[in-house]
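[1] pasting the sequence and the predicted model now:
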Amino acid sequence: LAAPAVEKLVHHQQTKLVADIVECRDLRVVRGANGVHAHGLEQFEFPTDEFLRVGAADGAGLAVEVPFSEDQGGVIADRGDLEVGEGEGAHRLPVGIGLQVALAGGAEAAPHHLGRNHPLGHVGATRDAGNAIAFDEAAEVLGAEVMRYLYTAQKTAQNLNFPDLKSSGSAGSGIDGETRRKLLTFWNCYSFFLMYAETEKWKPSGEYSPGANELDRWVVSRLQRMIGTANTALQNYEHFRVVEAFQEFSEEFSNWYLRRSRRRFWESDTTAFATLYHVLLTVIKVMAPVLPFLTEDMYQNLVCSVDPTAPESIHLTRYPQVNEAWLDPKLETAIETVVRIKNLALNARTLGKAKIRQPLGVLYVRPKNAEERAVLADQNYAAQILEEANIKRLELIDDERSLVKVKLAPDSKKLGARAGKFLKAIAADLETMDPAAVLQGGGVTSNAIEIANDEIIVKYEHESIVSTAEGGTFAAIETRLTPELLSEGVARDFNRLVQD
């Protein structure tokens, strides 16, 4: 890896060079009888016992540092890996993750860390031994974009384990299956837009700005959060946080924005088309470093097919930056509350085995705080929850004990090993305690054993009311059905059968 080749990959920042070397196939540093020899470079030295430094002869070139010990056999960098030492004491380091690159010489010169700078595993994992997998082999089976996504999503402090590719079956049945499902969520949003935009002959025009629609303002605000997270993550080399932000946004975008906006597309709402287009285009720009080919394909279809003056590639566009004017924290909090209560209601329906097409009479909620109560008191937000959960009425309560009998019990799976013979005595103590005081106090002590809230099971008892709780919020549904509710449920089932 000669210095001139590396210089094309680095960015000068005063006395530092910051490089993102993807692979290093030709650098070999081998210790021989006459000292250390570095192929392709002219100067080398041992500045410490832990590192071998290889630099240019004039002292002004690049220095590459890798873990090294003078009493070990040598360093070999081949096919993207560094093997440090020999025998059982050796370790492996992936090049481009473990390398540190800096200007050789100069009092202020300091290496810029590129992610991992410790061994990933024992050198016993090699392709020759049959227990290591080369990227190109995995990409051939799983797909290059899937592999990039897997690598980016992986925390650098943890190994990424692969199955035997030869016995893993067809693509999608192994480690790549979950990745494909996550990408499919966003791809379906893209397909939804293409279908309706083609039907309505809609094309983008002018600069985008969110209008008065609440859903549009919410999704654009959430988009700014994702952009901010991605920028910070990349600056800090925490690439996995980019994927985490993408996955969280993708779920919200698909399961709330599109679900609640479908009628707008049926009615040819141009502001809905403009917002969906803006979100799709911004997200693929954010994810372009992670999914270069998939995002490029989408960019060509979304942009270049309708705007011949646009940059010819997504990788020639500017990386998105946060627009502070589009952030709306209050609206984000309100929608987050609505979605969480909706999910609690659906969870209660599942617990009560009440199918979603059967309308129910009432949803009881005891909010966790005044802010949540204020959101649920808004008729617009309450209507969204009731529509999603197929319930007729929302009733806010102050204390769940006025509605159901509340009992506490120890979680034997979490507490059993620690409590031992005192488990029954702890269960008896919990039955006599005030549930609200215990849960609000963050736990309790029984038989000299401190018990946290997550080690306590809360049971709600009522013959027709099914209850659930999460994050300090209580929700319950009335499962008794009136003749009117039964008739409406039959009508809904009949309508579905006719449509099918």
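    Yes, it's here. Numbers count the residues shown, from 1 in each chain.
[2] pretty sure Q384 sits in a helix.
    Yes. Under DSSP: H, G, I helix; E, B strand; the rest coil, Q384 falls within a helix.
[3] for it, what are its contacts?
    For Q384, the contact set (C-beta atoms under 8 Å, 6 or more residues apart in numbering) comprises R260, V338, K342. Every C-beta, even on glycine, is put in place using the N, C-alpha and C of the backbone.
[4] from the residues you listed, which land in helices?
    R260, V338, K342 (DSSP state H).
[5] and those residues, which of them are buried?
    Those of those that meet the buried threshold are R260, V338, K342, by 16 or more other C-beta atoms under 10 Å.
[6] among those, which one lies nearest to V290?
    R260 (27.9 Å; C-beta to C-beta).
[7] next up, the contacts around that closest one.
    L215, Q384.
[8] hmm, try it at 6 Å
    Residues in contact with R260 (C-beta atoms under 6 Å, 6 or more residues apart in numbering) are L215.
[9] same check on P435?
    For P435, the contact set (C-beta under 6 Å, 6+ apart) comprises V406, L408.
[10] now with 8 Å, please.
    R401, V406, K407, L408, V458.
[11] pretty sure the fourth one contacts L430?
    Yes. With the criterion set as C-beta atoms under 8 Å, L408 and L430 qualify as a contacting pair; they are 4.0 Å apart.
[12] report the longest helix in this protein, please.
    Max-length helix for the chain by DSSP H is helix 176-200.
[13] ignoring the adjacent residues along the chain, who's closest to L291?
    Spatially, and ignoring its direct neighbours in sequence, L291 is nearest to E145 (5.3 Å; C-beta to C-beta, 6 or more residues apart in numbering).
[14] chain center to the helix or strand hosting that neighbour: distance?
    E145 belongs to helix 144-153 when assigned by DSSP states H and E. In terms of C-alpha atoms, centre = their mean, to the nearest Å, the centre of helix 144-153 is found 13 Å from the chain centre.
[15] related to what we said a few turns ago, using a markdown table, please lay out the contacts of P435 together with secondary structure.
    What follows is those, written out as a markdown table (three-state DSSP):
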| residue | secondary structure |
| --- | --- |
| R401 | helix |
| V406 | strand |
| K407 | strand |
| L408 | strand |
| V458 | strand |
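[16] distance of the residue nearest in space to the middle of the chain from L276?
    Centroid-nearest residue in the chain, with C-alpha atoms, centre = their mean: E244, separated by 1.9 Å. From E244 over to L276 the distance is 23 Å, taken as C-beta to C-beta, to the nearest Å.
[17] what of E332?
    Taking C-beta to C-beta, one finds E332 at 19 Å from L276.
[18] same question for P292.
    For P292 relative to L276 (C-beta to C-beta), the value is 23 Å.
[19] that older thread, could the buried ones among the ones in helices among the contacts of Q384 be laid out in a markdown table, adding distance to L280 and pLDDT?
    Formatted as a markdown table, these follow (distance: C-beta to C-beta, whole Å; pLDDT from 0 to 100):
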| residue | distance to L280 | pLDDT |
| --- | --- | --- |
| R260 | 17 | 94 |
| V338 | 24 | 97 |
| K342 | 25 | 96 |
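[20] contacting residues for F273?
    Here F273 is in contact with F193, Y196, A197, E200, W202, F265 (C-beta under 8 Å, 6+ apart).
[21] now for those residues: which two are most distant?
    F193 and E200 (10.7 Å).
[22] quick one: the nearest residue to N301 once chain neighbours are set aside and S467, what's the gap?
    Excluding its sequence neighbours, the residue lying closest to N301 (C-beta to C-beta, 6+ apart) is L194, at 7.5 Å. Distance check for L194 against S467: by C-beta to C-beta, it reads 43 Å.
[23] again with K413
    Taken as C-beta to C-beta, the span from K413 to S467 is 21 Å.
[24] could you point out the helix or strand that follows the helix or strand containing V283?
    Using DSSP H and E, V283 maps to helix 270-287. Next in sequence after helix 270-287, counting helices and strands by DSSP H and E, comes helix 292-299.
[25] quick one: neighbours of the spatially closest residue to Y208 that is not a sequence neighbour, just the number.
    Spatial nearest neighbour of Y208, excluding adjacent residues (C-beta to C-beta, 6+ apart): H278 at 4.3 Å. By the criterion of other C-beta atoms under 10 Å, H278 has 19 neighbours.
[26] likewise the one 5 residues further on?
    The burial metric for V283, expressed as a neighbour count using other C-beta under 10 Å, is 24.
[27] OK, contacts around it?
    By C-beta under 8 Å, 6+ apart, the neighbours of V283 are F186, L223, M226, F246, F249, S250, F253.
[28] how near is the fifth one to E332?
    The one in question is F249. Taking C-beta to C-beta, one finds F249 at 12 Å from E332.
[29] the two: who's more crowded?
    F249 (23 against 17).
[30] sticking with the more buried one, tell me its helix or strand.
    Per DSSP H and E: helix 239-252 holds F249.
[31] that helix to helix 176-200, inter-axis angle?
    50 degrees (axes from the mean of the first three to the mean of the last three C-alpha atoms, to 10 degrees).
[32] pLDDT averaged over helix 239-252 - what is it?
    Per-residue pLDDT over helix 239-252 has a mean of 95.
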